[in-house]
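Undergrad: fold the following for me, if possible:
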Amino acid sequence: MTIKELKQYVENKKKRNAAKWKQETAIHGHCKPFTDKDYSKNSELIFNGKKSYRRKFTHSVLWNSTK
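TA: From the prediction side, this is the model:
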């Protein structure tokens with residue numbers, strides 16, 4: 001595959017993806033960011049020690065809540 005063919009392939013792939021995303025956006029609408037309530041609902045606290053903790057975002061909770 002030459003550089004010209006590669007550039008053409010990438011351009012065609014971008015056009016295909018853009019058409020696909022346009023169809024999906026027409027069906028489902030645009031994505032909206034999480035609200036504070038959604039973020040706190042889908043995250044959990046992990047305690048590393050007695051005084052320190054960090055917040056971990058759990059993606060599996062999202063799938064369970066949409067069913």
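Undergrad: now the lengthiest helix in the chain: average pLDDT?
TA: When the chain is parsed with DSSP state H, its longest helix is helix 3-28. Averaged over helix 3-28, pLDDT sits at 94.
Undergrad: after that helix, heading C-terminal, what element do we hit next?
TA: Moving toward the C-terminus from helix 3-28, the next helix or strand (DSSP states H and E) is helix 36-41.
Undergrad: hang on, the earlier thing: list the buried ones in the longest helix of the chain?
TA: Within helix 3-28, no residue is scored as buried using 16 or more other CB atoms under 10 Å. To be clear about C-beta, it is placed using only N, CA and C from the backbone, and glycine gets the same treatment.
Undergrad: what do you get for stretch 27-44?
TA: Result for stretch 27-44 [16+ other CB under 10 Å]: buried residues residue 42.
Undergrad: restrict that stretch to CA atoms and write it as PDB.
TA: C-alpha atoms of stretch 27-44 as PDB (Å, rounded to 0.1, in the frame of the first residue of the first chain):
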ATOM      1  CA  ILE A  27     -31.800   8.000  16.400                       C
ATOM      2  CA  HIS A  28     -30.400   8.500  19.900                       C
ATOM      3  CA  GLY A  29     -29.700  12.200  20.100                       C
ATOM      4  CA  HIS A  30     -26.500  13.900  21.400                       C
ATOM      5  CA  CYS A  31     -24.800  12.700  24.500                       C
ATOM      6  CA  LYS A  32     -25.200  14.800  27.700                       C
ATOM      7  CA  PRO A  33     -22.600  15.100  30.400                       C
ATOM      8  CA  PHE A  34     -23.200  13.500  33.800                       C
ATOM      9  CA  THR A  35     -24.900  15.600  36.400                       C
ATOM     10  CA  ASP A  36     -23.400  15.700  40.000                       C
ATOM     11  CA  LYS A  37     -26.200  13.300  41.100                       C
ATOM     12  CA  ASP A  38     -25.300  10.800  38.300                       C
ATOM     13  CA  TYR A  39     -21.600  11.000  39.100                       C
ATOM     14  CA  SER A  40     -22.100  10.400  42.800                       C
ATOM     15  CA  LYS A  41     -24.500   7.600  42.200                       C
ATOM     16  CA  ASN A  42     -22.100   5.700  39.800                       C
ATOM     17  CA  SER A  43     -19.000   6.100  41.800                       C
ATOM     18  CA  GLU A  44     -17.700   4.500  45.000                       C
END
